[in-house]
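> Based on what follows, work out the 3D shape:
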Amino acid sequence: MDNKRTYEMKARAESTAQTRRRIMRSAFELANETKSLEIVVADVAARAGVSVRTVLRHFGSRDGLFEAVTAYVKDEVREERAAPVGDVATAVEVLFDHYELRGEMVLRLLGEEAADPRVRSVTDQGRLLHRAWVEQVFAPQLARRGDADRELVTDLLTVATDVYTWKLLCRDRGLDRQQAQQRVRFMIDAVLGTVGEER
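Predicted coordinates for the structure are as follows:
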């Protein structure tokens, strides 16, 4: 009897967790498609195949859903941007994959951050996440620097790999992906002092 009850409780908990993930995923996909955080709870519910009441039962309010999705997106973005430490070529490739998928939405959010504190919270977290990515991916190259130089080089690598750099090269200049990646690689090599070395 106890085993059956334990199994049922576990199954119920897993079902609840799956529903919660499906709702967050639906909200994330809608935000990405519309390039906006102004999502309607009814639209999220319809996409997730649940009622508005179910969404509110899980998250309490639209703001509660927003906060949960923000945390969910951080984990998703970390996974999308995961790259081998010290491998510049793969890091740039992974970064461009991410920007092709999420770059337009990020640019839209950056354009809205001054007017909306919720958006500003998301973009601030994005900045921190990007810098942490730079510090992790380029850790071997940064480890060879002194403290003051390391900070300078981290700043420059952060700029070289920023979404605005991708926008300038791909959207504004109209370069194809290979050309844009080549230029980002060149900037990284120049910052690291390895221009002309074997790539």
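> Tell me which stretches of this protein form helices.
In order along the chain, the chain carries the following helices (DSSP state H): 2-34, 41-48, 52-59, 62-80, 88-112, 117-137, 139-143, 147-160, 163-166, 177-192.
> tell me the contacts of the most centrally placed residue in the chain?
Centrality entry for the chain: nearest residue to the mean C-alpha point is residue 77, 3.1 Å, by CA atoms, centre = their mean. When contacts are counted by CB atoms under 8 Å, 6 or more residues apart in numbering, residue 77 is found next to 98, 102, 126, 129. In short, each C-beta sits where N, CA and C put it, glycine included.
> will you turn the residues you listed into JSON lines that also has neighbour count, pLDDT and distance to residue 86?
Converted to JSON lines, these look like this (neighbours: other CB atoms under 10 Å; pLDDT from 0 to 100; distance: CB to CB, whole Å):
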{"residue": "98", "neighbour count": "20", "pLDDT": "96", "distance to residue 86": "19"}
{"residue": "102", "neighbour count": "20", "pLDDT": "89", "distance to residue 86": "24"}
{"residue": "126", "neighbour count": "19", "pLDDT": "93", "distance to residue 86": "24"}
{"residue": "129", "neighbour count": "14", "pLDDT": "95", "distance to residue 86": "19"}
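> ok, of the residues you listed, which one's closest to residue 115?
Sorting the contacts of residue 77 by distance to residue 115 puts residue 126 at the head of the list, at 16.8 Å, by CB to CB.
> burial count for residue 139?
By other CB atoms under 10 Å, the residues close to residue 139 number 11.
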